[in-house]
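Asker: Here is a sequence with its predicted model. Questions after.
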Amino acid sequence: MSFGTARRLRILTWHVHGSYLYYLSHIPHDLYVPVRPGRPEGYGGRAGTLRWPENLREVPAECVRELALDCVIYQSQRNWRIDREEILSQAQQRMPRVYIEHDPPREHATDTRHPVDDPDTLLVHVTPFNALMWDSGRTPVRVIDHGVTVPDGVRYRGDLARGAVVVNGLRSRGRRLGADVFDAARREVPLDLAGIGSEEDGGAGDLPREALARFVAARRLFFNPIRYTSMGLAVCEAMMLGAPVVGLATTEMAMAVESGVSGFVDTDVRRLIDHMRRLLGDRAEARRLGEGARRYALERFHIDRFVRAWDEALAEVTGIRRGLVRPTPAVTDIDAAGVTA
């Protein structure tokens, strides 16, 4: 298949959500992430356990103004309000730009104006629910659903009659992330927690990507206690593995999981507990629902669809017509000096 002449773009963004940045780096362009000493919020670069690809490169924050860029992708209100003034030149602030909104509004679920009010910026929502709830004003909007991959050779087994839960900062983020829901469910069904900070709840901690996939794949079901945030990448990954998902019928979860087909969603925690009990005792039913979850994930959350959607959006924003080229393979080596690959 011919795509015409390819043109790799040079894009600046920030490390805001590590897993999302990892998947965004699958696009066939060069991404630059600023770093600062001590790696404070937004300036972590290629930190963590992920196998960052070669096209994701670190650049000292003080050197950003020297970069020749095609586009800037903002990923947080801090990026938009503070970081761009601190590290971008005036010309870079005016260049083609995208703002990724990772979450629904916090202040009021329906009546909050988005902080970006700019007809020259493309506002990308990661779920239709986010787009529905934000008042985006005059800013043009596009929804680009998540795209995920799972490690080769890792698929759902469900050998352990337990549920997997993956939430970062569950205890510190409280009711919004469903800490109380998790506690109520764990009193009645066996649940194993993983994610940043999960050690304080007896959890497995921040597992490397392949270890986390094996953690989820071994357990009978995936439980998502989150009450109000965006569609979690951990849920998408669990579905891609072929695990049945049980969770609250709130935000995009209400559309992504179909009860009786790929898992169960409900707003009644007691009914969710009953569903989990039944699946823990019926491995065949759990496997059937897991197969439904994987079919859905392959259709909606396939990484190729994600890459294609981003490539099209960037072509539109920059005014460059281009074709897709294959992403750069992942590597692990990191050069700590200057712009790194």
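Answerer: All right, it came through fine. Numbers count the residues shown, from 1 in each chain.

Asker: what's the burial count for the nearest residue to Ser172 once chain neighbours are set aside?
Answerer: Among residues not flanking Ser172 along the chain, Gly197 sits closest, at 6.2 Å (Cβ to Cβ, 6 or more residues apart in numbering). The C-beta positions use only the backbone N, C-alpha and C, and glycine is treated the same way. For Gly197, the neighbour count with other Cβ atoms under 10 Å is 17.

Asker: now swap in Glu210 and tell me
Answerer: Counted with other Cβ under 10 Å, Glu210 comes out at 15.

Asker: Glu62 too?
Answerer: With other Cβ under 10 Å as criterion, Glu62 counts 11.

Asker: repeat for Ala109
Answerer: With other Cβ under 10 Å as criterion, Ala109 counts 11.

Asker: how about the helices of this protein, start to end?
Answerer: 18-24, 77-78, 84-87, 90-94, 128-133, 170-173, 179-186, 209-218, 233-241, 253-256, 269-281, 283-300, 303-318 (DSSP state H).

Asker: Tell me who's in contact with the residue in the chain sticking out farthest from the centre.
Answerer: In the chain, Gly281 marks the outermost C-alpha relative to the chain mean, sitting 31.3 Å out by Cα atoms, centre = their mean. Each residue near Gly281 by Cβ atoms under 8 Å, 6 or more residues apart in numbering is listed here: Ala161.

Asker: comparing the helices of the chain, which gets the lowest mean pLDDT score?
Answerer: Among the helices of the chain, helix 170-173 carries the lowest mean pLDDT, at a mean of 93.

Asker: Kindly export that helix (C-alpha atoms) in PDB.
Answerer: In PDB, the C-alpha atoms belonging to helix 170-173 read as follows (Å, rounded to 0.1, in the frame of the first residue of the first chain):
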ATOM      1  CA  LEU A 170      -5.500   5.000  45.000                       C
ATOM      2  CA  ARG A 171      -5.200   6.000  48.700                       C
ATOM      3  CA  SER A 172      -4.000   9.500  48.200                       C
ATOM      4  CA  ARG A 173      -6.600  10.300  45.500                       C
END
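
Asker: about what we covered before: tell me which of the helices of the chain lies nearest to Asp152.
Answerer: helix 209-218 (9.2 Å; Cβ to Cβ).

Asker: buried ones in the closest one?
Answerer: Within helix 209-218, the residues scored as buried using 16 or more other Cβ atoms under 10 Å are Arg209, Leu212, Ala213, Arg214, Phe215, Val216, Ala217, Ala218.

Asker: now for it, which elements pack on it?
Answerer: Here helix 209-218 touches strand 160-166, strand 191-194, helix 233-241, going by 3 or more Cβ pairs under 8 Å, 6 or more residues apart in numbering; DSSP states H and E.

Asker: again, only using 7 Å
Answerer: Helices and strands touching helix 209-218, by 3 or more Cβ pairs under 7 Å, 6 or more residues apart in numbering; DSSP states H and E, are strand 160-166, helix 233-241.

Asker: For it, list the C-alpha coordinates in CSV.
Answerer: Output of helix 209-218 as CSV, limited to C-alpha atoms (Å, rounded to 0.1, in the frame of the first residue of the first chain):
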residue,chain,number,x,y,z
ARG,A,209,4.9,-3.2,32.0
GLU,A,210,5.4,-7.0,31.3
ALA,A,211,5.1,-7.9,35.0
LEU,A,212,1.9,-5.9,35.3
ALA,A,213,0.4,-7.6,32.3
ARG,A,214,1.2,-11.0,33.8
PHE,A,215,-0.2,-9.9,37.1
VAL,A,216,-3.5,-9.1,35.4
ALA,A,217,-3.5,-12.1,33.1
ALA,A,218,-3.2,-14.6,36.0
